[in-house]
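Q: return atomic coordinates for the entry below.
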Amino acid sequence: MKVWFSLLFSLLLIFAGTAAVQAQDLIPNPKVLDESLFSDGFGVRGGTLTIDNVDNPRTFNPIIQFESSSDAVNAHLHAALLEGGFGSADALAEAFEVSDDLLTITLVLREGLTFSDGEPLTSQDVLFTINDVVFNDDVISRKTLWLINGQFPTVSAPDERTIVVTTPVPAPIVVLINLQLQEILPQHKLASFVNKLNPDVAPGTFNEAWNIGTPVEDIVGAGPFRLASFTADQQVVLERNPFFWKVDPEGTQLPYLDQVVLPVVSDDSVRLLRFINEETQIYGPVPEDLPVLQQRQTDGITTIIGQQAGTTGDNFFTFNQDSANPNLKQLFRDVRFRQAMSHSLDRQTIIDIFRNGLADARFGPGMGPSFWFGVQDDVNFPRKDFNTAEATRLLDELDLADGDGDGVREFGASYPNPGEPVEFELIVPEGSRVLISESDFWTQDLESIGVRVNLNPISFNTLVGRVSGSRPAEYEAVRIAIGGGGDPNLAADIYASRGPLHLYKYSDENAEDVPEYQQRLDELFSRQAVTDGDARFAVVAEIQEILAENVPLIWIANGFGLLSFREDQLGNFAGIRLDATVNAVEIVFRKDL
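A: The predicted model follows:
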């Protein structure tokens with residue numbers, strides 16, 4: 001999933017750099033992009049692209065970031081060994097080979113690669129990134145995705161350009177997906193933060209490396225852009241990486257653009273106005289924006305509705321089962337409460353009113369369409385559909401009654417603090433019209449069955465900090481979304497006990513009161529990673545069935561992908577294709593130059 005707290009509203013970005021050199025002058029074997037990708041022809045160097053970001057980046061460290069405000073920047077500063085979905089699979093690695101026994105993958109780096117500061121990028125940087133950072137117990141990373149039968153693969157480097165990944169059992173798909181997701185970091189800049197070169201550095205400080213106070217020249221990568229400046233609460237500026245390793249078919253080094261500017265604008269309505277007024281060139285609309293945008297198609301605005309774009313990722317309410325409030329902790333851990341909350345959610349009305357009908361109701365986790373079972377045909381899929389009577393019955397069963405007749409239930413004698421009202425805070429990003437409206441709609445339905453909700457819109461980064469930035473998490477309930485999806489292994493980020501986005505109950509990682517269904521999920525996630533064919537479909541189906549029955553998240557809707565951009569100003573911008581928004585980052589250029 002480049003899941004990650006893409007946490008919620010995926011921001012669509014494109015980037016750029018400086019220096020009009022030919023890549024052949026930099027590396028002997030650059031990646032030449034296919035001519036079919038250049039729908040508007042080859043670009044002209046220069047220009048600035050402006051795209052609003054929902055908040056400040058919280059970190060420039062791509063390993064520990066799980067929110068879209070940071071990913072909007074970091075995704076374009078770094079590169080992985082392999083690519084997926086854009087051009088061919090080769091990236092930093094010019095080639096890879098899978099052994100006949102499927103236990104070993106061998107990759108060869110492009111000759112002469114450098115980071116954006118001009119320092120060499122070698123196999124030692126790959127070993128550092130994977131072995132010393134990602135697999136490090138002290139680092140908050142997506143290490144869960146690499147586990148194969150409970151073990152990490154062995155990653156070695158026989159020379160400066162060769163990397164060998166060996167797994168305990170055949171699992172090439174899992175390894176290749178992780179190699180596409182994993183940014184390669186510079187050992188020369190970050191080694192001291194993992195106690196590799198400096199024994200005086202305390203373990204775990206990598207989680208604080210490359211914070212927003214770090215000098216921009218210390219933040220380097222191998223992506224198309226590098227960080228030029230950051231002004232808190234104002235903007236991030238990216239410039240072309242003069243050492244980038246891709247070229248167009250004519251041999252011109254990419255990217256074309258000189259720079260990308262990312263102003264911080266948290267309010268949906270303000271971002272819409274800025275886009276209409278030509279202050280930005282790309283905008284991710286909410287459904288209620290569509291009438292306005294479609295009326296302006298003659299003004300150079302193109303709006304794409306990708307009907308398959310929402311088949312992956314998760315869009316939900318959830319509850320903190322590690323809540324500091326002992327009554328809420330006990331309540332949230334009871335599956336009957338979570339089922340009651342799902343039955344209290346009128347998904348279809350939410351879709352009709354707040355999403356212009358551009359979504360389908362969802363009752364289980366988001367995975368790639370080839371693995372998606374049940375919602376369409378109800379086969380072995382326990383839907384907790386809108387049913388106020390059933391929600392009321394479950395709450396009654398939970399020893400929650402309105403004893404004083406004020407319309408709000410109280411906790412009964414089976415709870416640590418009986419007599420307290422059944423009440424919790426629901427946090428939501430303050431700039432999102434849709435999320436706030438959906439949350440307010442749901443709270444009214446909850447009040448009708450005796451549950452009081454205090455809706456609290458807060459800044460996006462504050463919300464992310466409370467949900468994922470501390471252990472235990474510091475929230476009671478949250479309305480949020482996690483973008484990404486595809487292969488089921490990526491869902492382990494959320495639903496496996498050790499997943500970095502296991503936000504509903506982080507304490508599972510410490511084996512604290514882990515319910516049987518969660519133990520079974522951990523076993524199944526481990527099994528599906530090394531299972532092929534129909535047998536894997538069966539394992540993934542059971543994962544989805546268990547999650548739908550135990551509802552750790554209250555899934556809401558499978559929304560269509562929406563994207564608007566100024567076709568009169570941008571060239572080679574791909575927009576939404578199939579199940580993802582494809583941002584042709586390196587090849588976009590400004591038509592109006």
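Q: list the residues that contact I351.
A: For I351, the contact set (C-beta atoms under 8 Å, 6 or more residues apart in numbering) comprises G357, L358, A359, D360, A361, A557. Bear in mind the C-beta positions are built from the backbone N, C-alpha and C, glycine included.
Q: so which of those residues belong to strands?
A: A359, D360, A361, A557 (DSSP state E).
Q: the residues you listed: which two are farthest apart?
A: In the ones in strands among the contacts of I351, two members sit farther apart than any others by C-beta to C-beta. They are A359 and A361, at 7.6 Å.
Q: what is in contact with those two at once?
A: In contact with both A359 and A361: I351, A557, N558, using C-beta under 8 Å, 6+ apart.
Q: quick check: the first one vs E438, distance?
A: If I follow you right, that is I351. With distances taken as C-beta to C-beta, to the nearest Å, I351 is found 10 Å from E438.
Q: got it, and the second one?
A: The spacing between A557 and E438, counted by C-beta to C-beta, is 9 Å.
Q: pull out the buried residues from the host helix or strand of L463.
A: Assigned by DSSP states H and E, L463 falls within helix 460-468. Using 16 or more other C-beta atoms under 10 Å as the test for burial, helix 460-468 gives F460, N461, L463, V464, G465, R466, V467, S468.
Q: for it, which outside residues touch it?
A: Around helix 460-468, the neighbours that count as contacts under C-beta under 8 Å, 6+ apart are 5, 7-8, 54-56, 58, 66-67, 69, 266, 427-431, 458, 473-475, 478, 480, 500-501, 503.
Q: please redo it, this time with the cut-off set to 7 Å
A: Residues outside helix 460-468 that contact it (C-beta atoms under 7 Å, 6 or more residues apart in numbering): 5, 7, 54-56, 58, 66-67, 69, 266, 427, 429, 431, 473-475, 478, 480, 501, 503.
Q: same question for stretch 529-540.
A: I148, N149, V169, P170, A171, V174, F371, P488, N489, L524, R527, Q528.
Q: so which of these comes closest to N320?
A: The nearest member of those to N320, counting by C-beta to C-beta, is L524 at 24.1 Å.
Q: what helix or strand does that closest one sit in?
A: For L524, the enclosing helix or strand under DSSP H and E is helix 516-528.
Q: extract the C-alpha trace of that helix and format it as CSV.
A: Below are the C-alpha coordinates for helix 516-528, written out as CSV (Å, rounded to 0.1, in the frame of the first residue of the first chain):
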residue,chain,number,x,y,z
GLU,A,516,-7.8,-15.4,18.8
TYR,A,517,-8.9,-13.8,15.5
GLN,A,518,-5.8,-11.6,15.5
GLN,A,519,-3.6,-14.6,16.1
ARG,A,520,-5.2,-16.4,13.2
LEU,A,521,-4.7,-13.4,11.0
ASP,A,522,-1.0,-13.3,11.8
GLU,A,523,-0.8,-17.0,10.9
LEU,A,524,-2.7,-16.4,7.6
PHE,A,525,-0.6,-13.4,6.5
SER,A,526,2.5,-15.4,7.0
ARG,A,527,1.0,-18.3,5.0
GLN,A,528,-0.3,-16.3,2.1
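Q: what element comes up after it heading to the C-terminus?
A: By DSSP H and E, the next helix or strand past helix 516-528 is helix 533-550.
Q: find the nearest non-adjacent residue to G431, please.
A: Excluding its sequence neighbours, the residue lying closest to G431 (C-beta to C-beta, 6 or more residues apart in numbering) is S266, at 3.6 Å.
Q: ok, that neighbour touching N53?
A: No - S266 is beyond contact range of N53, at 8.8 Å (criterion: C-beta atoms under 7 Å).
Q: higher neighbour count, those two?
A: N53 (24 against 20; other C-beta atoms under 10 Å).
Q: the more buried one pairs with what?
A: Beta-bridge partners recorded for N53 (DSSP bridges): V264.
Q: give me the pLDDT for it.
A: pLDDT, N53: 92.
Q: got the contact list for it?
A: Contact analysis of N53 by C-beta under 7 Å, 6+ apart lists L11, S69, A72, V236, L262, P263, V264.
Q: lowest-confidence entry in those?
A: Of all the contacts of N53, L11 carries the smallest pLDDT score, 28.
Q: if we can go back for a sec, mind listing which of the contacts of helix 460-468 are in helices?
A: Residues of the contacts of helix 460-468 located in helices (DSSP state H): S69.
Q: which of the contacts of helix 460-468 are buried?
A: 5, 7, 54-56, 58, 66-67, 69, 266, 427, 429, 431, 473, 475, 478, 480, 501, 503.
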